[in-house]
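Engineer: A structural model of the following input is requested.
(one chain, ligands or ions: 1)
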Amino acid sequence: MFNYTTLDPMQVEYMEIAPLEQLPDGERIFIEVEGRSIVIFNLAGKLFAIGDVCSHDSGPVGDGDIEKFEIICPRHGAHFDIRSGKATALPAVQDIPSYPVRVVGGMIEIGLPKK
Ligand code: FES
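Structural biologist: Numbers count the residues shown, from 1 in each chain. As a prediction, this is how the structure comes out:
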């Protein structure tokens, strides 16, 4: 299970990441949380978070170009849906994690599965 955005809210623990003004529209931020590399995007005011590790060859994927809701891995061109982490084009065949994101009191929070 990689698409943590579909978890029951009771199974998710939210962590504060940064003030929303640090992530303007069209930008992305890279974070490390509990040993996970994650990239958070602001696309037209909607926030999305995915793992920053490509499932093809473990390269960083978060710097890739974005077309609609797909990010293109800069190394070999795999595509992932940033809403779900779903691999949508070869050479990747495995999904990458996606995480729920919310804004509370002006702070971006990311949801991780409870331990
Ligand atoms: S490492 Fe991402 S496509 Fe190869």
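Engineer: The ligand contacts on this protein?
Structural biologist: The chain has residues 54, 56-57, 59, 61, 73, 75-78, 91-92 near the ligand, with proximity defined as CB under 6 Å from any ligand atom. Backbone N, C-alpha and C define where each C-beta goes, glycine included.
Engineer: And the residues you listed, which of them are buried?
Structural biologist: 54, 56, 59, 61, 73, 75, 78, 92 (16 or more other CB atoms under 10 Å).
Engineer: For the spatially most central residue of the chain, give the beta-bridge partners.
Structural biologist: Nearest to the geometric centre of the chain sits Ile50, at 1.7 Å (CA atoms, centre = their mean). Counting by DSSP bridges, Ile50 forms beta bridges with Val39, Ser98.
Engineer: doesn't Gly85 make contact with it?
Structural biologist: Yes: counting by CB atoms under 8 Å, Gly85 is a contact partner of Ile50 at 5.2 Å.
Engineer: Before I go, just wanted to say thanks for your time.
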